[in-house]
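Chemist: Sequence plus the predicted model coming up.
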Amino acid sequence: MLERIIAIHFSPTGGTRRAALLLAGGIAKQVEEIDLTLPQVQEKSFGPQDVVLVAGPVYGGRLPALMTERLRRLTGGGARAVSAAVYGGRAYEDALVELDDLLEAQGFAVAAAAALLAEHSIVRKLAAGRPDAQDEAQLAAFGARIAEKLGRGEKSAPQTPGNRPYRDWAGMPVTPAANDACTGCGTCAKSCPAQAIDPADPRQTDEARCITCMRCVAVCPAQARALPAQVQGMLGQKLAPFMEKRPENELYL
């Protein structure tokens, strides 16, 4: 096990962070965090002495553009990296190879990669409760293998699946809306990664800025925000076939 790793994550509803920390905890004794979810991400440089784990959620088979924008504020400087694309049980498509490419472009040396499961942020029955105890054991074991590889000084890159050019993804054309239970407390506005909610009137959402990450729904103390019921129902039907079997983490060393 290594002494220290830095877990860098974009995790609007918490699932990506949970999966990332489980894997990071199997790699190193000390885990530090950098949260890319909120806008106050500062430029930061790393070096060959550093090991980082970078994790992001999969939206439509891609990484969120907002995450990639903030990740470009970080300079690898030869730091060794583990990439993790975290998805809700449908598919991760080109997100993992996109993350590897971006890390390499920023000067990180990718040594391992993983496609990890976390509960779907919209259709919560999909990958419900993931990561769970079985995932925890698997990621701890994989983390130990990563630590061994890094400890040996091995520099080979993993062969991760995906396509270049990446698939097109324009985002979902809907945004969560407030209902009559909204108290106007502003928790959603303070927490919104895209700053799409008006702090002066949290019932108003800028549809052009919203990335439908569902953070506002997750943090609302009054449970007053949701996607339109028709959209929820449509997505539930579309994703129902993926609930028939347990998808597994895919690990690349």
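Modeler: On my side now, so go ahead.
Chemist: tell me how far stretch 124-136 is from the chain's mean position?
Modeler: 15 Å (Cα atoms, centre = their mean, to the nearest Å).
Chemist: Okay, buried residues for that stretch please.
Modeler: Neighbour counts using 16 or more other Cβ atoms under 10 Å place 126-127, 130-131, 135-136 of stretch 124-136 among the buried residues. For glycine as for every other residue, the C-beta is placed from the backbone atoms N, C-alpha and C.
Chemist: neighbours around residue 250, how many?
Modeler: 16 (other Cβ atoms under 10 Å).
Chemist: Tell me who's in contact with it.
Modeler: By Cβ atoms under 8 Å, 6 or more residues apart in numbering, the residues touching residue 250 are 92, 114-115.
Chemist: pLDDT score assigned to it?
Modeler: What the model reports for residue 250 is a pLDDT of 98.
Chemist: how far away is it from residue 85?
Modeler: 9 Å (Cβ to Cβ, to the nearest Å).
Chemist: Find residues that contact each of those two.
Modeler: 92, 114-115.
Chemist: From the chain's centroid, how far away is stretch 16-30?
Modeler: Distance, centroid of stretch 16-30 to centroid of chain: 13 Å (Cα atoms, centre = their mean).
Chemist: what comes into contact with that stretch?
Modeler: So stretch 16-30 is contacted by 1-5, 7, 9-11, 31, 33, 35, 51, 53, 55-57, 82, 84, 86, 114, 116-118, 131, 135-136, 139-144, 146-147, 150 (Cβ under 8 Å, 6+ apart).
Chemist: Now residue 206, what are its backbone angles?
Modeler: With angles defined as degrees, to the nearest 10, residue 206 sits at phi -80, psi 110.
Chemist: what residues are up against it?
Modeler: Residue 206 is in contact with 196-198, counting by Cβ under 8 Å, 6+ apart.
Chemist: distance between the host helix or strand of residue 25 and the chain's centre?
Modeler: Secondary structure assigned from DSSP states H and E places residue 25 in helix 15-27. Computed by Cα atoms, centre = their mean, the chain-centroid distance of helix 15-27 equals 11 Å.
Chemist: I'd like the next helix or strand past that helix.
Modeler: strand 28-35.
Chemist: so after that following strand, what's the next helix or strand?
Modeler: strand 44-45.
Chemist: List the buried residues of the lowest-mean-pLDDT helix or strand in the chain.
Modeler: In the chain, no helix or strand scores lower on mean pLDDT, DSSP states H and E than helix 229-239, which sits at a mean of 91. Neighbour-count burial for helix 229-239 flags 231, 235, 239 (criterion: 16+ other Cβ under 10 Å).
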